[in-house]
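Student: Got a predicted structure here, sequence first:
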Amino acid sequence: MNRAVYIIGYPASGKTTAVRSALNTLEPQLVVQPFKHMVYGNAITQLGYDREVYGGTDGLAFNVLPKVIEWLPACTTPILIGEGDRLANNAFFAAVQKQGRKLTIVHMKVGELIALRRMQRRGSQFNPIWVRRTMTKVDNLASKWRSNVIAIDGTRETESIGEELKELLYVE
């Protein structure tokens with residue numbers, strides 16, 4: 001069965017780090033058209049790309065959603081994975097389901113204070129209004145799509161989180 005796994009969470013909840021850990025043994029090929037994404041053999045496509053800071057879909061253009069939705073039927077790998085704010089929305093999730101992929105939304109759970117401390121430790125200069133809006137958005141998505149959501153404790157060791165995410169990728 002074709003699957004889509006999308007990781008949502010507060011800023012600094014560990015979404016990018018979890019994906020890096022889960023896919024760390026695989027060799028990606030960067031594809032730039034119709035938008036940047038990474039393909040791991042014939043098994044996994046990762047939306048967005050790995051960057052030092054703000055990886056995943058956060059490196060994509062703000063107007064990328066229509067391109068991604070139009071491209072979805074052309075994605076031939078059985079596993080599609082994404083993380084970050086750019087495509088974490090109702091329109092993308094509905095398009096994934098319409099395409100016939102089993103949608104799993106992984107909610108990286110960390111408390112608000114932990115997320116804020118992590119942002120401060122890494123020197124993030126986010127607008128507090130954007131941070132609050134993003135946190136509310138994540139909570140609303142987790143509530144609306146709750147039948148598709150699996151929560152992961154984002155306060156654990158990176159390797160443990162990566163292993164749990166890897167297991168979710170390959171579960172039927």
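Tutor: Alright, I've got the coordinates.

Student: which residues does the nearest residue to W145 once chain neighbours are set aside contact?
Tutor: Closest residue to W145 apart from its sequence neighbours, by CB to CB, 6 or more residues apart in numbering: I105 at 5.3 Å. In this view, the C-beta of every residue, glycine as well, is placed from N, C-alpha and C. I105 is in contact with 5-8, 93, 141-142, 145, 148-150, counting by CB atoms under 8 Å, 6 or more residues apart in numbering.

Student: Which ones among these lie within helices?
Tutor: Per DSSP state H, helices hold the following members of the contacts of I105: 93, 141-142.

Student: so what's V171 scoring on pLDDT?
Tutor: On the pLDDT scale, V171 is placed at 70.

Student: cool, Q125 as well?
Tutor: Reported pLDDT for Q125: 79.

Student: where does it land in three-state SS?
Tutor: coil (DSSP: H, G, I helix; E, B strand; the rest coil).

Student: Next one: it from T45, what distance?
Tutor: 32 Å (CB to CB, to the nearest Å).

Student: out of these two, which sits in the busier spot?
Tutor: Using other CB atoms under 10 Å, the more surrounded residue of Q125 and T45 is T45, with 21 against 5.

Student: check contacts around the nearest residue to G162 once chain neighbours are set aside.
Tutor: Residue nearest to G162 in three dimensions, not counting chain neighbours: S21, with 2.5 Å by CB to CB, 6+ apart. Contact partners of S21, counting by CB under 8 Å, 6+ apart, are 158-159, 161-163, 165.
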